[in-house]
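Student: Quick one, what's the 3D model for this:
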Amino acid sequence: MTVGVVGLGNMGGRIARRLVAGGEDVVGFDLDAARAADAGATAAESLAALAGAADVVLLSLPDSRAIEAVVDELEAHLRAGQVVVDLSTAAPASTVAIHERLAARGVAYVDAGISGGAAAAEAGTLTLMAGGEPEALDAVRRVLAHFAATVHHMGASGSGHVAKLLNNFLNAISLAATAEVMVAGRRAGLDLRQLLEVLNTSSGVNFATLNRFPRIVEGDYLEGGLTSDLMAKDVMLYLELVRELGVTSLNGPPCLAAFHLAAALGYGDQISNRVVDALGDIAGGVRIHDQNREAT
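Tutor: Here you go, the predicted model:
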């Protein structure tokens, strides 16, 4: 089986490397042609060439606009029986429309939102939330096993991306709220390492207190993950989704504002963990780590 990977950035590149290390024949395409070689994949000259070579096509792209543009180019070159797996974070309505388009050609489209970040991608321990026909998902489970430890079939087309947006919103909330608390803790003169020990054995515990801030207080921002711009995009997609569902979001707008603030202060293209520096900036230049120990 030949696996095509479109989008070889922070996540796609790591996924491609896992596939190559697992012995798969991998063909890659990215606007930066050098990324295929960096991932150990064979570079495809075009999306058409990738579609012609691959049995399974994986997409790892920034948003629905990019996904739709790629599918527009791929569609005419895909064959009946192929499976396209979208690992991106995307608008579920767009996902369902693409699923219907490709189904008319006999091509299966699985939306499979991923969670776990860059470290989990490198370790092969990502969690996948998948939507689409169960038979199509079963056909690619062996491929997905190279980089995902857990695969959940959430239901019909779009349901994987719905689950991903719900997860990402909680991720954004915990990051923004914990960043605020850590800046306040620094201003109050608390030992932030001790504060994290307290939080992690108390009711305030969350993914950010457990996995992000123990590193950030040491000056390691875990570079290479989701940027503030992309986090804001995910929160906006969540807000669009809940509006369509008729659910009122009381917590979404202030969460979105935190990452828009980060972008406005120059952190938009940096890892979303830098939202703590944006909040620190407007608190008078607070940093929650000893700047002499900041990782370079």
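Student: Rank the helices and strands of the protein by mean pLDDT and give me the bottom one.
Tutor: Least confident helix or strand of the chain, by mean pLDDT, DSSP states H and E, is helix 117-123 with a mean of 90.
Student: in this protein, which helix has the most residues?
Tutor: helix 159-187 (DSSP state H).
Student: one step back: can you list the residues that contact the least confident helix or strand of the chain?
Tutor: For helix 117-123, contacts defined as Cβ atoms under 8 Å, 6 or more residues apart in numbering pick out 10-11, 14-15, 17-18, 114, 126-127, 147, 222, 224-226. Quick note: C-beta positions are derived from backbone N, CA and C, even for glycine.
Student: mind putting those in TSV, neighbour count and pLDDT included?
Tutor: Formatted as TSV, those follow (neighbours: other Cβ atoms under 10 Å; pLDDT from 0 to 100):
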residue	neighbour count	pLDDT
10	19	90
11	24	94
14	24	96
15	28	97
17	21	97
18	22	97
114	24	96
126	26	97
127	17	97
147	27	98
222	16	92
224	16	83
225	19	84
226	21	91
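Student: Just the terminal-to-terminal distance for stretch 139-154.
Tutor: For stretch 139-154, the first-to-last residue distance is 16 Å (Cα to Cα, to the nearest Å).
Student: what about the closest residue in space to residue 283 that isn't next to it in sequence, how many neighbours?
Tutor: In space, and not counting its chain neighbours, residue 283 is closest to residue 183: 5.3 Å by Cβ to Cβ, 6 or more residues apart in numbering. Close neighbours of residue 183, defined as other Cβ atoms under 10 Å, add up to 23.
Student: I'd like to know how far residue 183 sits from residue 49.
Tutor: Distance of residue 183 to residue 49, given as Cβ to Cβ, to the nearest Å: 50 Å.
Student: cool, and residue 83?
Tutor: The value you get for residue 83 to residue 49, if Cβ to Cβ is used, is 18 Å.
Student: So for these two, which residue has more residues nearby?
Tutor: residue 83 (23 against 15).
Student: what's the nearest residue to residue 267 once chain neighbours are set aside in contact with, if anything?
Tutor: Of all residues beyond its chain neighbours, the one nearest residue 267 is residue 274 (4.2 Å), with distances taken as Cβ to Cβ, 6+ apart. By Cβ under 8 Å, 6+ apart, the contact set of residue 274 is 221, 228, 262, 267.
Student: How about residues contacting the helix or strand hosting residue 213?
Tutor: Taking DSSP states H and E as the definition, residue 213 sits inside helix 213-216. The contact list for helix 213-216 (Cβ under 8 Å, 6+ apart) reads 178, 182, 192, 193, 196, 221, 222, 273, 276, 288, 289.
Student: which residues are contacting the next helix or strand after it?
Tutor: Under the assignment DSSP H and E, the closest C-terminal helix or strand after helix 213-216 is helix 228-245. Identification of contacts with helix 228-245 by Cβ under 8 Å, 6+ apart yields 62-63, 89-93, 162, 165-166, 168-169, 172, 175, 226, 248-249, 252-253, 255-256, 259-260, 262-263, 267-272, 274-275, 278.
Student: In this protein, where is pLDDT below threshold?
Tutor: The model of the chain has pLDDT under 70 over residues 291-296.
Student: Which of the contacts of helix 117-123 fall in helices?
Tutor: Using DSSP H, those in helices are 10, 11, 14, 15, 17, 18.
Student: The fifth one and residue 8, how far apart?
Tutor: The span separating residue 17 from residue 8 equals 9 Å under the rule Cβ to Cβ.
Student: Common neighbours of those two, please.
Tutor: Listed as contacting both residue 17 and residue 8 by Cβ under 8 Å, 6+ apart are residue 39.
Student: Packing partners of the helix or strand containing residue 141?
Tutor: Here residue 141 sits within helix 134-144, counting by DSSP H and E. Helices and strands touching helix 134-144, by 3 or more Cβ pairs under 8 Å, 6 or more residues apart in numbering; DSSP states H and E, are strand 56-59, strand 83-86, strand 108-115, strand 148-155.
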